[in-house]
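Asker: Mind looking at a prediction? Sequence and model below.
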Amino acid sequence: MARSGVHWVKFNLVGALGMAVQFAVLTGLGGGLGVPYLWATALAVECAVLHNFFWHARWTWADRPSRSIGEAFGRLLAFNVSNGLVSLAGNVLLMKILHGTFRLPLVPANAVAIVVCSLVNFALAEWVVFQRSAPVTEPN
């Protein structure tokens, strides 16, 4: 399987765990604590984004390690801006439509939103956030 195919499989496995994190936070905040569903969705997405970044950096794209703390921080920032923004905007917008307008239950509506955002998020992670670093060359 081509390297991008391996990344795709790992991306989706990490994403499945991230969905569990997102559902747990969403259920706890929205269902248990009574936080308004759009705020609960935003917080749940951010928890999942941070979870997913950690596992993508350590496992999905372990073949493309950060060469420095600065690069790792830059990747976290890029992942949060790209995947986080797509996930947050996509999830909140789709939740407004699916749950707010069409009255789909909270968790199934969120599952649809996650699936819709996943393709864009993979492309951003594969080709932007975890792109191969230029090789380090030693000065002569």
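Answerer: Ah, there it is. Residues are numbered from 1 along each chain as shown.

Asker: after the helix or strand Phe53 falls within, next one along is what?
Answerer: Per DSSP states H and E: Phe53 is located in helix 37-55. The element immediately downstream of helix 37-55 (helix or strand, assigned by DSSP H and E) is helix 69-79.

Asker: which helices and strands sit right next to that next one?
Answerer: If contacts are counted by 3 or more Cβ pairs under 8 Å, 6 or more residues apart in numbering; DSSP states H and E, helix 69-79 sits against helix 37-55. For every residue, glycine as well, the C-beta is placed using N, CA and C.

Asker: who are the neighbours of the helix it packs on, in terms of helices and strands?
Answerer: helix 3-26, helix 69-79, helix 85-95, helix 106-124.

Asker: what residues does the first one touch?
Answerer: Going back to what we said before, that points to helix 3-26. With contact meaning Cβ atoms under 8 Å, 6 or more residues apart in numbering, helix 3-26 is reached by 1, 40-41, 43-45, 47-49, 51-52, 55-56, 59-61, 63, 106-107, 110-111, 114, 118, 121-122, 125-126.
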